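Visitor: Kindly generate the corresponding structure for this input.
(chains A and B)
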Protein chains: 2
Amino acid sequence: VAQATRRAGIVVTGTEVLTGRVADKNGPWLAEQLRLIGVDIAHVVQVGDRPDDLRNSLQFLVDRGLDLIITSGGLGPTADDLTAEIVGSFQGRPSRLDVALEARIADIVTRISAGRGWRTDPEATAAGTRKQALVPDGASVLAPVGTAPGLIVPPADGAAGAPIVVLPGPPRELQGMWDAVLASPIVQDAIRGRDELRQQTMRLWGVPESQLAATLRAHDDAFGGLEITTCLRGGELEIVTRYAPPAQAAYDELEKAVAADFAPELFSTDGRTVEDIVADELIARGLTIATAESCTAGGLASRLTDRPGSSAYLVGGLVVYSNEMKTQLAGVPAELIERVGAVSAEVALALAEGARDRLGTDLGVGITGIAGPDGGTAEKPVGLVHFCVASAQEPLSRKVIVPGSRADVRARSVTIALHMVRQVLESG
Amino acid sequence: VAQATRRAGIVVTGTEVLTGRVADKNGPWLAEQLRLIGVDIAHVVQVGDRPDDLRNSLQFLVDRGLDLIITSGGLGPTADDLTAEIVGSFQGRPSRLDVALEARIADIVTRISAGRGWRTDPEATAAGTRKQALVPDGASVLAPVGTAPGLIVPPADGAAGAPIVVLPGPPRELQGMWDAVLASPIVQDAIRGRDELRQQTMRLWGVPESQLAATLRAHDDAFGGLEITTCLRGGELEIVTRYAPPAQAAYDELEKAVAADFAPELFSTDGRTVEDIVADELIARGLTIATAESCTAGGLASRLTDRPGSSAYLVGGLVVYSNEMKTQLAGVPAELIERVGAVSAEVALALAEGARDRLGTDLGVGITGIAGPDGGTAEKPVGLVHFCVASAQEPLSRKVIVPGSRADVRARSVTIALHMVRQVLESG
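Guide: Modelled structure (predicted):
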């Protein structure tokens, strides 16, 4: 198994993350940033706002012999924000008030509140500001991006352990401090001697994981030095491989083996997602697209515009949730809906053509289905979705029974539609 | 700090989660399920597909004296899926092939592949199936929901430690096994004696966290026995409080204090989100709504239809990304766009009224802004978004400079629009 010589651990604090109310974005972001500089991640540990749990998590990572520890969260002004103080005492470095920092934070709080028209009471916020300006002895301060400063806290002089980088929880603030983290001599020292760690991604559409496993097993001996992980996400099978530079030839073998066994299903070897490919193709060929969505209700249009510059191809879309709107906005004959039902191949086709004709685009996509949990029948169960992509070619139609919850059905349907658009673009 | 007498730890396996390519959904889901049965979460640990890291994570949780450990992921047919085997050996229980289970899994794989029209080769998948049918000595098997069975593996006879529940990674499969987990006598024994653990949520809109901190501090002595956590999410400030039943009076005090200091901003005390409130109000009053979205491009319509039954109020929407579509679909005069620009209060108003008039609804919402990262000017910077809600009352207009990335601007804009709809509904 490929492994960089330097490894880091991440502690994500906050009961809101631990209890699942807020999805953590910092662990994933930090893991990728560390990989880019050749540092591997050993563990991400989530803990609540409880001193003992945080201390024990830090100790666990130190005991694992990691080179660098990063925490996120717990730097706010409220009493449940404890990270800075606990990290300081964990590293044997008592905290002191940094008066200049205190003034700077107070200034920021005043400015932000004024800008948003929020009611504030300087007296009341002073205690929180003072708390945020406590700095462990010997720690470096990272300038606030929001109101909270970050910290880099080395182990006590002469002690073993790893430097702990203390970052705020809001992703924008954490990310805004990253350049300063990398510039820190303490951090540079800790990760000195790291290897380059390469990562490559292949994506397949329409392949069961068990089938891929067979291909991997058949070539097992050729793949030394590769850390291969496969996962299903939204119907796509993703193969991500991490390796040190000497294993490049082994990776090239792997890519050849997958391409040989799964030529029709392998749609990306360069890291691009299906929306990247669709966007690139549309832009390269100067084509435009419009949507008419029932069960996904704008989800496809929204995903088509996730990328900057999407106005080059997406001119607009129709959300046609009610039957009346299918007729009025997309021109689906009321008689047709009456006869075959709103969830049907015929209506998906009429939606796709209606979007294309009425919005005057090169491609039109129609989606109509039963997202559930109610509204299913024996003949048309929950999860049944009809798709159509209209273009200058023959329309491409598909009917899928999408498994899972309402949210799964809606999200997966958007992905299926994107793959159909990709197939139309690749064939035309 | 309130604390249930029984605590659990979760290990989420998979390099794809650890390296941030896939957001973990299982930790949050399991944490909430455990809370509902009065079991508190101490840690969620994410590890890659590396045996040593997994073993050490299990040991960390055992050392913390937890009552129950749950793992997710690593039960697939590929060689990087190692969880079952490692948990077995960690608990001192060697694995054996369960022949009946093997036949059952083979049957499922064949059936699924046939249903999806996937190419399969029974020979090739046999090795993966055999691997998935290995069961540690003395473990209980949880019937597969997908192809992988789950396991409940007690500590070795006479040894200390905690039972380890081994669940598959796909959320639908993991969730489908949960009832069987709760029914297991091994699990029931491990969590016997737990307390009820209550959780209440308050949500505020337009309050800085520092201001709330002041309120909490002012009443500090009254809030014993409450574990209060606050977090900002998408511009909303959420206060979640966990406590054992004897602290109910303290919680009531907290709610009173927050309501007294933040009457205009406190919009939910019963756990409902802004979309719940908007949906409930629209349904209760029999009102309908339509959208005309530029920079959010269907994001608001999509979020308005996240809930089952949303066809009662959302009839449809217009995605008007290009200026031509603003004119053609929503009836915004081309001359107006020419004169004041597409991102303007006037165009937001015209979009809202256009959606309401053309789709024949009671409310219409218009959103137009600059999501970035390009397209900003000194006068109209990236993040500038104009909103309008048209109704039988005076239209409600707002202009906000939304901070953050393109994705942040788009997501936050949807939330702002929902709060404006809520305000119109509450005032009318």
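Visitor: element containing the most far-flung residue of chain A relative to its centre?
Guide: Here chain A reaches farthest from its C-alpha mean at A:E335, the gap being 43.3 Å by CA atoms, centre = their mean. In the assignment (DSSP states H and E), A:E335 maps to helix A:334-340.
Visitor: next structured bit after that helix?
Guide: For helix A:334-340, the succeeding helix or strand toward the C-terminus, using DSSP H and E, is helix A:345-359.
Visitor: elements contacting that following helix?
Guide: Under the contact criterion of 3 or more CB pairs under 8 Å, 6 or more residues apart in numbering or on different chains; DSSP states H and E, helix A:345-359 touches strand A:289-293, strand A:314-320, helix A:323-330, helix A:334-340, strand A:363-369, strand A:384-390, strand A:396-401, helix B:323-330. (Each C-beta comes from the backbone N, C-alpha and C, glycine too.)
Visitor: Run the angle between the helix or strand harbouring A:E275 and strand A:289-293 for me.
Guide: Counting by DSSP H and E, the element that carries A:E275 is helix A:274-285. Our comparison of helix A:274-285 with strand A:289-293, counting by axes from the mean of the first three to the mean of the last three CA atoms, to 10 degrees, yields an angle of 140 degrees.
Visitor: Is chain B within reach of helix A:274-285?
Guide: No: Helix A:274-285 stays out of contact with chain B when judged by CB under 8 Å from any CB of the partner chain, the minimum separation being 13.0 Å.
Visitor: how distant is that helix from the center of its chain?
Guide: Mean C-alpha position of helix A:274-285 versus that of the full chain (CA atoms, centre = their mean, to the nearest Å) differs by 20 Å.
Visitor: What of stretch A:262-274?
Guide: Centroid separation for stretch A:262-274 versus its chain: 19 Å, with CA atoms, centre = their mean.
Visitor: try stretch A:35-47
Guide: 16 Å.
Visitor: Please apply the same query to stretch A:248-265.
Guide: Offset of stretch A:248-265 from its chain centre (CA atoms, centre = their mean): 26 Å.
Visitor: Please list the residues outside it that contact it.
Guide: For stretch A:248-265, the external contacting residues (CB atoms under 8 Å, 6 or more residues apart in numbering or on different chains) are A:198, A:200, A:202, A:204-207, A:212, A:215, A:218-219, A:222-226, A:228, A:239, A:241, A:243, A:266, A:269.
Visitor: residue ranges with poor pLDDT in chain A?
Guide: Across chain A, the ranges flagged by pLDDT under 70 are A:1-4, A:115-120, A:122-124.
Visitor: Longest helix in it, by number of residues?
Guide: Secondary structure of chain A per DSSP state H: the longest helix is helix A:406-427.
Visitor: Which elements pack onto that one?
Guide: The helices and strands touching helix A:406-427, judged by 3+ CB pairs under 8 Å, 6+ apart, are helix A:274-285, helix A:299-304, strand A:363-369, strand A:384-390, strand A:396-401.
Visitor: could those be laid out in CSV, adding mean neighbour count?
Guide: What follows is the helices and strands packed on helix A:406-427, written out as CSV (neighbours: other CB atoms under 10 Å in any protein chain shown):
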stretch, mean neighbour count
helix A:274-285, 18
helix A:299-304, 28
strand A:363-369, 29
strand A:384-390, 26
strand A:396-401, 16
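Visitor: Is it correct that A:V45 falls within a strand?
Guide: Yes: applying DSSP: H, G, I helix; E, B strand; the rest coil, one finds A:V45 inside a strand.
Visitor: so what's it closest to, chain neighbours aside?
Guide: Nearest-residue entry for A:V45: A:S57, 4.5 Å, with adjacent residues in sequence omitted and distances by CB to CB, 6 or more residues apart in numbering or on different chains.
Visitor: cool, and A:I108?
Guide: Once flanking residues are discounted, A:I108 sits nearest to A:T147: 5.2 Å by CB to CB, 6+ apart.
Visitor: Distance of the one you found relative to B:V402?
Guide: Using CB to CB, to the nearest Å, A:T147 is found at 18 Å from B:V402.
Visitor: Which residue does the stretch 251-400 of chain A have closest to chain B?
Guide: Of all residues in the stretch 251-400 of chain A, the one sitting closest to chain B is A:G298 (2.5 Å; CB to the nearest CB).
Visitor: residues near that residue, how many?
Guide: Residues within reach of A:G298, counting by other CB atoms under 10 Å in any protein chain shown, total 31.
Visitor: I figured it hits A:G317, correct?
Guide: Yes: with contacts counted by CB atoms under 8 Å, A:G298 reaches A:G317, the gap being 6.9 Å.
Visitor: who touches both of these two?
Guide: Residues touching both A:G298 and A:G317 by CB under 8 Å, 6+ apart: B:297-298, B:319.
Visitor: which residue ranges form the strands in the stretch 51-200 of chain A?
Guide: With DSSP state E, counting those that start in this stretch, the ranges of strands along the stretch 51-200 of chain A come out as A:68-72, A:95-97, A:134-136, A:140-142, A:150-153, A:164-167, A:198-205.
Visitor: could the ones you listed go into TSV alongside mean neighbour count?
Guide: Conversion of the strands of the stretch 51-200 of chain A to TSV gives the following (neighbours: other CB under 10 Å):
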stretch	mean neighbour count
strand A:68-72	28
strand A:95-97	14
strand A:134-136	21
strand A:140-142	20
strand A:150-153	26
strand A:164-167	28
strand A:198-205	19
